[in-house]
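K.L.:
no sequence on hand, only this structure:
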């Protein structure tokens, strides 16, 4: 499954949030769509990336149309 640039950006923000990095905001529409795909969940503390979301993030790369999104955020990828 190839995520749109905005969904990838939201997923990258959730991955960074899980890693303990502050993120400005998560687009609610994108977070809801990620939830429908099983890549995110929501609880009383906010949106969270799921294990499936982490796997999808590892296998995805920003598409060619995502320059405006990736310029705003550098996904956290532990070394």
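P.N.:
Looks like it arrived, so ask away. Given the structure is predicted, the values throughout are model-derived calculations rather than measurements.
K.L.:
my guess is residue 38 contacts residue 52, does it?
P.N.:
Yes. Residue 38 is in contact with residue 52 according to CB atoms under 8 Å; the separation is 5.0 Å. The C-beta positions use only the backbone N, C-alpha and C, and glycine is treated the same way.
K.L.:
show me where the chain dips below the pLDDT cut-off.
P.N.:
Within the chain, the set of residues satisfying pLDDT under 70 comprises 61-79.
K.L.:
need the contact list for the residue minimising distance to the centre of the chain.
P.N.:
By CA atoms, centre = their mean, the mean C-alpha position of the chain lies nearest to residue 11, the distance being 0.7 Å. Shown in contact with residue 11 (CB atoms under 8 Å, 6 or more residues apart in numbering): 3, 34, 39-40, 49, 53, 56-57, 60.
K.L.:
in helices only, show me these.
P.N.:
If you go by DSSP state H, those have 34, 53, 56-57 in helices.
K.L.:
which pair in these spans the largest distance?
P.N.:
34 and 57 (10.4 Å; CB to CB).
K.L.:
with neighbour numbers in mind, choose between those two.
P.N.:
residue 34 (27 against 22; other CB atoms under 10 Å).
K.L.:
please name the residues that touch the more buried one.
P.N.:
For residue 34, the contacting residues are 7, 10-11, 14, 40, 53, by CB under 8 Å, 6+ apart.
K.L.:
who wins for most neighbours among those residues?
P.N.:
residue 10 leads those on contacts (other CB under 10 Å) with 30 neighbours.
K.L.:
in space, what's closest to that one - neighbours in sequence excluded?
P.N.:
residue 30 (3.7 Å; CB to CB, 6 or more residues apart in numbering).
K.L.:
wouldn't the one you found be in contact with residue 9 here?
P.N.:
Yes. With contacts counted by CB under 8 Å, residue 30 reaches residue 9, the gap being 7.4 Å.
K.L.:
any residues in contact with both of these two?
P.N.:
Contacts common to residue 30 and residue 9, judged by CB under 8 Å, 6+ apart, are absent.
K.L.:
give the buried residues for stretch 47-62.
P.N.:
The neighbour-count check on stretch 47-62 (16 or more other CB atoms under 10 Å) flags 47, 49-50, 53, 56-57, 60, 62 as buried.
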